[in-house]
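**Student:** structure, please.
(one chain, ligands or ions: 2)
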Amino acid sequence: MRITALCGGIGGARFLLGLRTLGHDVTAIANTGDDMTVLGLRICPDLDSIVYTLGDGVSVERGWGREGETFRVRDELAAYAGSVAAAEPLVPSWFGLGDLDLATHLLRSRWLADGVSLSTVTQWLCERWHTGIRVVPASDDRIETHVRLGDGSLIHFQEWWVRHRAQLPATGFDVQGAAGAKPAPGVVEAIMEADVVVLAPSNPVVSIGIILQIAGIAAALRATAAPVVGLSPIVGGAPVRGMADACLSAIGVATTADAVARHYGTRRDGGVIDGWLVDDADRDVVDALADSGFACRAVPLLMHDIAATAAMAHAAIDLAEGLEDAR
Ligand code: GDP
Ligand code: CA
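**Tutor:** Residues are numbered from 1 along each chain as shown. Ligands and ions are numbered 1, 2, ... in the order given. Presented below is the predicted three-dimensional model:
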């Protein structure tokens with residue numbers, strides 16, 4: 001089967017590890033709104049989390065960056081920033097720029113400067129990491145998620161998330177560049193030609209939500225003949241990892257599995273999904289979601305290990321196949 005998965009970084013990457021074991025032809029469409037430029041280097045956190053995870057190079061403890069990483073360059077930059085005024089604004093002290101990771105950023109930045117598209121760069125990175133899954137950025141055009149704070153000012157998503165741990169109250173998100181951004185080559189085709197489209201249990205606001213803001217992607221989800229199913233990143237009223245609750249409250253959505261499903265909406269009512277998996281802990285919302293037109297099931301949704309994650313991916317495809325039969 002051809003499976004197309006929309007995903008963010010760490011949650012998305014872990015989900016893809018499980019999905020990959022099922023042996024389907026998988027295309028992952030990744031969020032690029034987290035991307036930022038540091039010291040002239042283009043950094044793509046979600047793409048790198050996916051590629052390093054699928055390539056067995058990710059730091060197991062952190063879930064992002066490289067295993068066996070060192071931070072000598074970062075420390076040296078900090079020494080400059082501490083003693084040279086002109087260096088200080090260039091070096092974000094909160095950003096974990098690793099030495100091994102830097103090689104990826106150096107090559108990617110050079111290729112981009114030479115005019116190579118981000119999707120081709122990503123394909124080349126996948127060659128090195130033997131991802132076994134086609135990984136495509138949502139767009140080759142530069143987009144960056146900025147967070148709107150209470151006083152109306154905007155800061156880059158990474159600064160809000162990493163430096164401030166999403167503790168500064170946000171009132172919304174502004175995706176700079178999204179208005180003119182086009183889906184990367186193959187993105188719309190992967191959605192239209194899929195047998196099943198899956199929304200990974202990724203952040204619904206700043207991962208999947210950003211992908212959906214790129215012109216044509218949400219329309220493709222609504223138009224595809226494939227069933228579209230999602231897995232809840234919210235279990236028992238809280239994100240499993242991270243601070244998705246801060247993102248959801250910024251856009252006025254409750255941090256519950258059913259509120260996220262209703263936020264995506266059913267395709268028959270102009271939304272983007274047909275089916276929704278919630279964790280067993282949330283089984284009490286299944287009937288109400290079914291009444292609202294969602295094909296909904298409760299299954300274990302904790303990605304403890306690859307086998308548990310594969311079972312989640314299998315349950316999503318199974319839910320989707322039931323929908324096809326129903327047509
Ligand atoms: P990020 O870009 O690194 O933040 O990663 P994603 O957006 O892809 O995924 C983040 C989301 O994954 C968070 O909202 C978590 O709640 C969710 N998540 C992480 N681990 C699990 C898990 O084991 N099960 C489920 N259902 N969701 C998870
Ligand atoms: Ca991310």
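**Student:** near ligand 1, which residues of the stretch 101-250 of the chain are found?
**Tutor:** By Cβ under 6 Å from any ligand atom, the residues of the stretch 101-250 of the chain that approach ligand 1 are 201-203, 207, 231-233, 235, 239-242, 244. All C-beta atoms are positioned from the backbone trio N, CA, C, and that covers glycine.
**Student:** what's the most distant pair in the residues you listed?
**Tutor:** By the measure Cβ to Cβ, S207 and V235 form the most distant pair in these, at 16.4 Å.
**Student:** neighbour count for these two, which is higher?
**Tutor:** Higher neighbour count among S207 and V235: S207, with 31 against 19, using other Cβ atoms under 10 Å.
**Student:** can you name the residue of the stretch 151-300 of the chain nearest ligand 2?
**Tutor:** The nearest approach of the stretch 151-300 of the chain to ligand 2 comes at S207, 5.3 Å away (Cβ to the ion).
**Student:** skipping adjacent residues, who's closest to that residue in space?
**Tutor:** Distance criterion Cβ to Cβ, 6 or more residues apart in numbering; nearest residue to S207, sequence neighbours excluded, is G8 at 2.5 Å.
**Student:** just the pLDDT for that neighbour.
**Tutor:** For G8, the pLDDT comes out at 98.
**Student:** and G96, by the same measure?
**Tutor:** 86.
**Student:** ditto for the one 10 residues further on
**Tutor:** According to the per-residue confidence, L106 scores 98 in pLDDT.
**Student:** residues in contact with it?
**Tutor:** L41 (Cβ atoms under 8 Å, 6 or more residues apart in numbering).
**Student:** got the phi and psi for G230?
**Tutor:** For G230, the backbone dihedrals (degrees, to the nearest 10) come out as phi -120, psi 160.
**Student:** just checking, it touches I273?
**Tutor:** Yes - using Cβ atoms under 8 Å, G230 is in contact with I273, at 5.0 Å.
**Student:** skipping adjacent residues, who's closest to L19 in space?
**Tutor:** Leaving aside its sequence neighbours, L19 sits nearest to A313 (Cβ to Cβ, 6+ apart; 4.0 Å).
**Student:** got a list of what that neighbour touches?
**Tutor:** When contacts are counted by Cβ under 8 Å, 6+ apart, A313 touches 15, 18-19, 22, 198.
**Student:** 7 Å instead?
**Tutor:** 15, 18-19, 22 (Cβ atoms under 7 Å, 6 or more residues apart in numbering).
**Student:** for ligand 1, state which of those is nearest.
**Tutor:** When the contacts of A313 are compared for distance to ligand 1 (Cβ to the nearest ligand atom), F15 wins out at 7.5 Å.
**Student:** find the closest residue to ligand 2 in this structure.
**Tutor:** Closest to ligand 2 within the chain is G9: 3.8 Å, counting by Cβ to the ion.
**Student:** confidence score at the residue lying closest to G322 once chain neighbours are set aside?
**Tutor:** Nearest residue to G322, sequence neighbours excluded (Cβ to Cβ, 6+ apart): A295, at 6.8 Å. Note on A295: pLDDT of 98.
**Student:** who's in contact with A295?
**Tutor:** 274-275, 319, 322-323.
**Student:** out of the residues you listed, list just those in strands.
**Tutor:** Taking DSSP state E, the ones among those that sit in strands are G275.
**Student:** following the host helix or strand of V51, which helix or strand comes up?
**Tutor:** Using DSSP states H and E, V51 maps to helix 45-54. Next in sequence after helix 45-54, counting helices and strands by DSSP H and E, comes helix 72-83.
**Student:** roughly how far is that next one from the heart of the chain?
**Tutor:** How far helix 72-83 lies from its chain's middle: 30 Å, per Cα atoms, centre = their mean, to the nearest Å.
**Student:** about what we covered before: buried residues in the helix or strand containing the residue nearest to L19?
**Tutor:** Assigned by DSSP H and E, A313 falls within helix 306-326. Under the neighbour-count criterion of 16 or more other Cβ atoms under 10 Å, helix 306-326 has 309-313, 315-317, 319-320, 323 buried.
**Student:** what about K182, how many neighbours?
**Tutor:** Using other Cβ under 10 Å, the number of residues around K182 comes to 15.
**Student:** apologies, that question was intended for R110.
**Tutor:** R110, neighbours per other Cβ under 10 Å, totals 13.
**Student:** that one - that's part of a helix, no?
**Tutor:** Yes - counting by DSSP: H, G, I helix; E, B strand; the rest coil, one finds R110 located in a helix.
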